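S.K.: pasting a predicted model and its sequence here:
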Amino acid sequence: MVDLFASLMHQDELLVRRGFPSMSSWWREQFQRLYAAGVRGLVVRAGRRGGKSTSGCRFVVNEAIQGEWTIPPGDVGVVGIFSVRTDEAKERLRTIDAILTALTVEHDTRASEIRLLDRPIVFRVYPASARTAVG
């Protein structure tokens with residue numbers, strides 16, 4: 001079984017060596033608590049420039065490439081990125097693309113999604129609206 005917190009910290013070290021800023025100690029603590037508790041969700045109340053997007057992108061990349069997901073043949077695991085404005089969600093795809101490139105993870109980037117080439121996983125943008133929830 002993979003220690004996902006340890007792999008996240010290793011990923012952070014690799015990214016720092018490739019010019020990314022280090023994840024803050026506050027975010028490290030939050031992710032450590034999340035993994036230690038064994039819960040499947042995290043709610044954070046943070047202001048602008050609080051590191052939500054970059055830390056969140058690192059987290060989902062780690063989960064996608066290190067997580068032990070069972071995805072049946074023919075299916076694709078989807079990491080959804082939601083935002084009220086689609087252009088804001090697409091900014092996260094640019095961050096994920098940069099992280100995957102720095103980590104030398106083979107992937108295919110398109111306008112609204114990034115597909116991993118060695119695993120059946122895709123990062124996909126969705127608008128967060130009432131219409132999306134109903135549809």
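M.R.: Sure, I can see it.
S.K.: show the pLDDT at Val84.
M.R.: Looking at Val84, its pLDDT stands at 79.
S.K.: ok, Gly51 next?
M.R.: 68.
S.K.: Leu100 now?
M.R.: 98.
S.K.: so it is in contact with Arg115, correct?
M.R.: No - in this structure Leu100 lies outside contact range of Arg115 using Cβ atoms under 8 Å: 10.5 Å. Every residue, glycine included, has its C-beta placed from N, CA and C.
S.K.: so for the two, which sits in the more crowded spot?
M.R.: Neighbours per residue (other Cβ atoms under 10 Å) separate Leu100 from Arg115, with Leu100 holding more: 20 against 16.
S.K.: what's the helix or strand for that one?
M.R.: For Leu100, the host element (DSSP states H and E) is helix 86-102.
S.K.: list the helices and strands the next helix or strand after that helix packs on?
M.R.: On the C-terminal side of helix 86-102, the closest following helix or strand by DSSP H and E is strand 107-109. Applying 3 or more Cβ pairs under 8 Å, 6 or more residues apart in numbering; DSSP states H and E, we find strand 107-109 packed against helix 86-102, strand 113-116.
S.K.: okay if I get those as CSV plus distance to Arg33?
M.R.: Output for the helices and strands packed on strand 107-109, formatted as CSV (distance: least, Cβ to Cβ, whole Å):
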stretch, distance to Arg33
helix 86-102, 22
strand 113-116, 27
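S.K.: circling back: can you give me the buried ones in the helix holding Leu100?
M.R.: Judged by neighbour count using 16 or more other Cβ atoms under 10 Å, the buried positions of helix 86-102 are 86, 89, 91-93, 95-96, 98-100, 102.
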